[in-house]
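Student: just the structure for this:
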Amino acid sequence: MTSTALKTDTFFKHIDSFTDYRKEIYEVSEQTIRSNLIDLNLFKRFTKNQSYNTITGPLVMEYQVYLKTERQNLGSSINRKIFTLCSYSRYLNLLEVEGARNLPIRDVLKIRGGYKNRPNALSVDQIKTLFYSIESPTYLGIRDYCVYALMYNLGLRVGEVYSLDIQDLDLVKRKITVIGKGKKKRALHLTAEMSEIINDWITLRKYFINSRELKCLFISKKGNRLSIRTIEDNFKKIVIRSGLTTYFNVTCHTLRHSFASHLNDENVDILVLQSLLGHSSPRSTEIYIHPSEQRIREAIEKLPGVIYLKSLIESGSLRLRFQKYHKKGVTIEVNQLEINTS
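Tutor: A predicted model of the protein is given here:
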């Protein structure tokens, strides 16, 4: 096996032609190509760091362990990265690259389970804080407000917003046509508020460079289609400016997760959610069908025992006392209950 194994230098030298082939023949989106390159380059760095000269089964298994333990990737994320390697391996085989037929990547089994937890989402108040932080009085601010409003109000992916053209809008009928994954189209309804936000941007769009020549909905300040990278970088700045503190990384995709989670909290049917999100299968939508932290908190507050304890605390019969003490250089805070017997 080792003697016929594909050399790492040979394996990685066809990446550019692979992405060109994917774009030309399969017409995959720029976002997909970008994800493919990230996945391939990550594997390339890992291979180099581990000093492997050939692509072997042990290398691929070590890579899975690395993704699982060090990068703490979920099963769905690991599956995607391996799938990219499988697609690339099949491409090398089509090119009749010597040794490609023996690549072990195709033998890797898919990890079952997908997402372990519900996707991270912001609360309604956090969403308001985020949008308040956008510099909306400026031309760029009004554009960005519209970009991120589409992600939250319609649940659009960043790549879907990037691909929007003027012709995709029908403001009279309050409809927008979105091209999702796999070039699948879906028509979405625009609320009165969302229509007004889009109108505000359309009014200012004509003042941007090349606005007459460009068919794209969103234009950069340099007169090009607003890139995915710019959309993501601008969003990072807004998150920092908002001062939001969360236990997870807030990205553009968090707006889409928040859209779905908030609709689920309003008991919107899963098939409606599936249609709005552009999922091909209800299984992709099921990850949102869990109660939010707010709803769990509200449910716990209704428990008789909790209500009784709350009444004791409010009446002064029961008092919470916080005490700190030091042990071996570590400060420990203890919450204690005190019953008022007077």
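Student: residues making contact with stretch 135-149?
Tutor: Residues external to stretch 135-149 that are found in contact with it (C-beta atoms under 8 Å, 6 or more residues apart in numbering): 130-131, 134, 161, 194, 197-198, 200-201, 204-205, 207-208, 218-219, 221, 226, 231, 234-235, 238, 252, 255. C-betas here are computed from N, CA, C, even on glycine.
Student: got the buried residues for that stretch?
Tutor: Of the residues in stretch 135-149, those scored as buried under the neighbour-count criterion (16 or more other C-beta atoms under 10 Å) are Ser136, Ile142, Arg143, Asp144, Tyr145, Cys146, Val147, Tyr148, Ala149.
Student: helices - which of these land there?
Tutor: Applying DSSP state H to the buried residues of stretch 135-149, the entries found in helices are Ile142, Arg143, Asp144, Tyr145, Cys146, Val147, Tyr148, Ala149.
Student: which SSE is Lys236 in?
Tutor: Taking DSSP states H and E as the definition, one finds Lys236 inside helix 228-242.
Student: can you report how many residues neighbour Val172?
Tutor: Applying the criterion other C-beta atoms under 10 Å, we find 7 residues in the vicinity of Val172.
Student: below-threshold pLDDT in the chain: ranges please.
Tutor: Along the chain, segments meeting pLDDT under 70 span 1-3, 113-118, 269-271, 273, 280-310, 312-313, 315-342.
Student: how about Ala187, secondary structure?
Tutor: With DSSP: H, G, I helix; E, B strand; the rest coil as the basis, Ala187 sits in strand.
Student: hmm, it is touching Lys173, no?
Tutor: No. Distance between Ala187 and Lys173: 9.5 Å, which falls outside the contact criterion (C-beta atoms under 8 Å).
Student: coming back round to it: just the buried positions in the helix holding Lys236, please.
Tutor: Buried positions in helix 228-242, judged by neighbour count with 16+ other C-beta under 10 Å: Ile228, Thr230, Ile231, Asn234, Phe235, Ile238, Val239, Ser242.
Student: now, among these, which is nearest to Leu154?
Tutor: Looking at these and their distance to Leu154, the nearest is Ile231, at 14.9 Å (C-beta to C-beta).
Student: quick check: that closest one touching Cys252?
Tutor: Yes. Between Ile231 and Cys252 a contact is recorded at 6.4 Å, counting by C-beta under 8 Å.
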